[in-house]
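Enquirer: okay, sequence plus prediction incoming.
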Protein chains: 2
Amino acid sequence: MTMQDLAHLAGVSSITVSRALRDSPLVREELREQIKRLADKHGYRLNAAARNLRTMRAHSVTAVIEMDPTTERPMSEPLVLMVIGGLLQTLTTQGYRLVLTTRAEALRSNVLDADGIILLGQGPNDEAMHQIRRFNLPLVVWGISRPAADGVVFVGSDNQAGGRLVGEHLADLGRRRILFLGDTVHAEVAQRLAGLEAALAGRDIPVTVAPCAFSRTAARAAVAAELARGTRFDAVMACSDFLALGALDGLEEAGLRVPGDVAVTGYDDAAAQGRLTSVRQDFDLAGQVLARKMLDLIAGGPIASEMIPVELVVRSSTQG
Amino acid sequence: MTMQDLAHLAGVSSITVSRALRDSPLVREELREQIKRLADKHGYRLNAAARNLRTMRAHSVTAVIEMDPTTERPMSEPLVLMVIGGLLQTLTTQGYRLVLTTRAEALRSNVLDADGIILLGQGPNDEAMHQIRRFNLPLVVWGISRPAADGVVFVGSDNQAGGRLVGEHLADLGRRRILFLGDTVHAEVAQRLAGLEAALAGRDIPVTVAPCAFSRTAARAAVAAELARGTRFDAVMACSDFLALGALDGLEEAGLRVPGDVAVTGYDDAAAQGRLTSVRQDFDLAGQVLARKMLDLIAGGPIASEMIPVELVVRSSTQG
DNA sequence: GGGCCGGATGTTATCGATGTCATGAGCGCT
DNA sequence: AGCGCTCATGACATCGATAACATCCGGCCC
């Protein structure tokens, strides 16, 4: 069932059918409706390949997701789905399809059928970004908040603000020494630390940085090591809820009470089960913003990065 | 940069380029390699629209995911991403792209550009399935284990086995009265209950069914209500880890110890943080099986449903 | 009446890859 | 030489929708 067939049935030419289905004012409204009804009745579906070939556009956006099992970082995984939900919502209502692929696959295959690429990789991986740039397509990258450059738009949550919120909260609670748990190799983590330190500037509250991989057990070990080393702290800012849980493990082992002796904050509000004070990122909104940026880029709009605001959720881990 | 352009550069015709890039034995190996190098050098990418139009195939599979915010069922959400990971792995290596969409969008849009549809909806929603069937495309449905019918292939985890494993485990531990937590309106839940009862057949262990929505608070309320009603039980089989956590809440409030007074089992091994005995489903494998079934269907293979095995993970919630 | 205009519809060419058939070169056999 | 055969390559038509251009018709004005 093609437009041609419909055209014969309706007694018009195929171009009229094409116009009618696209709501062109060039076709009489009455005829338009009649053709639409006919299409509906016969279950006609537009052949996307033909349209895409003719219009030279794919009417779809590819999201490249990081699935490398070596860089295990469970923290971000469930959240990716929320981002995808936001992407879908915005893209589909604008007539774009969302194609999912992995970076390895995108680079290997020589058919990349998209009007733009959204990169959902982990933050510090500039290499991934440069590889993807070779496609010469509009590119929007999630995960790092930094100015747009080289025609690439960045959308990331406001990590500085996240660190600042935690710092202000802990300072307001009267905490005097803070242990920062996270690996500053990751740009987001470094930004959170910067935000924390900015909030504490002039308050005479020292921060000890304990570098630590993204796993619960690593966090527990890191906390234990700091305690063994004699580091003093009455608050922990962990860079994910998993790390915060690990910190709780370590503190419990040492016989310290939370939040009595030590307050603990998490990040991402994912694994907390309602116990942790944590910085919440709105991943659904992030997906929508990513998609919106992409549509703007495709439409030839300006190149401008954007930050997603974050919010502090206060729970029992800092205020029993 | 089209095949035509490449052809001119290589001094051959475009059809030869086409054949060379597809590894056709009709082209001399030496020439083939030369053309491939040339294509690589110029960053040539196949125009998917043109190929799809000519071959009358989309070279892609659409996954329809349930995103309706009204049917909130957080349990399954993070897991969908794992299924998607499995789908990607299998589909992309076979030259298929994965297109994501929501059911509402799939039904609304009149361009569905796919060789087949994988439905990742929640179990009991037969309506969704019938709506999607109208596309007259190969259809694979996740979530319910039942025989293939009407040309639809089902892939689901073995819910009966899950219930049976829990039943045997609890019986072996010496538990005598079981509270089943879950809404049997959902087909999977009903199957788990059936498996549980089958395992207990002849052992004189009664099961009380407490219907309950898929949220932590609902589970807590349901447990509290059963306790208030005087229902006696020394074990709870919850149909998700969220429900199990809610059950823990309810038991704790009532001053009951776990697993001393009451053993608790979860399902899905997702939110447990390593504390719950739970039935683990391999969602990554599920995704791979879904994709494999789809590829078989597209290739004209037989229509046969399949069950994904499950596994019991024993943790401290049943064995202190 | 003739010319002009705008609105509605049709004709034709085109997007890029590929299936089908045609062509041509080279070889062996009679 | 001539025929048949294989192997490698090319010419042409085609997939379905749409942009660009062409046509047609009725009405209005001078």
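Expert: Received it, and whenever you're ready, just let me know what you need. Numbering: from 1, shown residues only, chains lettered A, B, ... in the order given.
Enquirer: enumerate the residues of chain A near DNA strand C.
Expert: Residues of chain A lying close to DNA strand C by Cβ under 7 Å from any atom of the strand are A:11-16, A:19, A:25-28, A:31, A:50, A:53-54, A:56. (C-beta placed from N, C-alpha, C; glycine too.)
Enquirer: and the furthest pair within these?
Expert: A:Gly11 and A:Met56 (31.3 Å; Cβ to Cβ).
Enquirer: of the residues of chain A next to DNA strand C, list those near DNA strand D.
Expert: Okay, of the residues of chain A next to DNA strand C touching DNA strand D (Cβ under 7 Å from any atom of the strand), that's A:14-15, A:50, A:53-54.
Enquirer: now, those residues that are in helices?
Expert: Taking DSSP state H, the ones among these that sit in helices are A:14-15, A:50, A:53-54.
Enquirer: if any of those residues are buried, give me the PyMOL selection for them.
Expert: Listed next is the PyMOL selection for buried residues among these, using 16 or more other Cβ atoms under 10 Å in any protein chain shown:
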select buried, chain A and resi 53
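Enquirer: does the lowest-mean-pLDDT helix or strand in chain A come close to chain B?
Expert: When the helices and strands of chain A are compared on mean pLDDT, DSSP states H and E, helix A:126-133 comes out lowest with a mean of 82. No: interface with chain B: helix A:126-133 contributes nothing (Cβ under 8 Å from any Cβ of the partner chain), its closest point being 11.9 Å away.
Enquirer: so what strands line up beside the helix or strand following that helix?
Expert: Per DSSP states H and E, the first helix or strand lying C-terminal to helix A:126-133 is strand A:139-142. Paired strands of strand A:139-142, with direction, are strand A:116-119 (parallel), strand A:152-157 (parallel) (DSSP bridges).
Enquirer: could you pull out the strands for the stretch 101-250 of chain A?
Expert: Assigned strands in the stretch 101-250 of chain A, in chain order: A:116-119, A:139-142, A:152-157, A:178-181, A:207-210, A:235-238 (criterion: DSSP state E, counting those that start in this stretch).
Enquirer: quick check: buried residues in the fifth one?
Expert: By neighbour count on 16+ other Cβ under 10 Å, the buried set for strand A:207-210 is A:207, A:209-210.
Enquirer: and which of those residues is nearest DNA strand D?
Expert: Closest approach to DNA strand D among the buried residues of strand A:207-210 (Cβ to the nearest atom of the strand): A:Val209, at 56.7 Å.
Enquirer: and the closest residue to A:Val314 other than its chain neighbours, how many residues sit next to it?
Expert: In space, and not counting its chain neighbours, A:Val314 is closest to A:Thr277: 5.0 Å by Cβ to Cβ, 6 or more residues apart in numbering or on different chains. By the measure other Cβ atoms under 10 Å in any protein chain shown, the count of residues near A:Thr277 is 26.
Enquirer: where does A:Thr277 fall, phi/psi-wise?
Expert: In terms of degrees, to the nearest 10, the main-chain angles of A:Thr277 are phi -70, psi 130.
Enquirer: also A:Glu306?
Expert: Dihedral angles (degrees, to the nearest 10) for A:Glu306: phi -150, psi 150.
Enquirer: how about low-confidence regions in chain A?
Expert: Applying pLDDT under 70 to chain A flags the ranges A:67-78, A:122-125, A:145, A:269-273.
Enquirer: what residues does it put near DNA strand D?
Expert: Contact residues (Cβ under 7 Å from any atom of the strand) of chain A with DNA strand D: A:2-4, A:14-15, A:18, A:21-22, A:46-47, A:50-51, A:53-55.
Enquirer: please repeat the previous calculation with a cut-off of 6 Å.
Expert: A:2-4, A:14-15, A:18, A:46-47, A:50-51, A:53-55 (Cβ under 6 Å from any atom of the strand).
Enquirer: could you pick out which of the residues you listed are near chain B?
Expert: Within the residues of chain A next to DNA strand D, those near chain B by Cβ under 8 Å from any Cβ are A:46-47, A:50-51, A:53.
Enquirer: can you give me the helices for the stretch 1-150 of chain A?
Expert: A:3-10, A:14-21, A:29-41, A:48-55, A:77-93, A:103-108, A:126-133 (DSSP state H, counting those that start in this stretch).
Enquirer: can you check the stretch 151-300 of chain A too?
Expert: Secondary structure of the stretch 151-300 of chain A by DSSP H, counting those that start in this stretch: the helices cover A:159-172, A:187-200, A:216-229, A:241-253, A:283-298.
Enquirer: can you put those in a markdown table and add mean neighbour count and distance to B:Ile118?
Expert: Listed next are the helices of the stretch 151-300 of chain A as a markdown table, based on neighbours: other Cβ atoms under 10 Å in any protein chain shown; distance: least, Cβ to Cβ, whole Å:
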| stretch | mean neighbour count | distance to B:Ile118 |
| --- | --- | --- |
| helix A:159-172 | 23 | 36 |
| helix A:187-200 | 21 | 33 |
| helix A:216-229 | 18 | 33 |
| helix A:241-253 | 23 | 31 |
| helix A:283-298 | 22 | 21 |
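Enquirer: OK, contacts around the single nearest residue of the stretch 101-250 of chain A relative to DNA strand C?
Expert: As assessed by Cβ to the nearest atom of the strand, DNA strand C sits closest to A:Val111 within the stretch 101-250 of chain A, at 9.0 Å. Applying Cβ atoms under 8 Å, 6 or more residues apart in numbering or on different chains, we find A:Val111 in contact with B:45-46, B:48, B:51, B:59.
Enquirer: most neighbours, which of those?
Expert: For the contacts of A:Val111, neighbours tallied by other Cβ under 10 Å; top is B:Ala48, 23 neighbours.
Enquirer: leaving out the residues flanking it, which one is nearest to that residue?
Expert: B:Ala48 sits nearest to A:Asp113 (Cβ to Cβ, 6+ apart), 3.6 Å away.
Enquirer: got it, and A:Arg45?
Expert: Going by Cβ to Cβ, 6+ apart, A:Arg45 has B:Asn110 as its nearest residue, at 5.4 Å.
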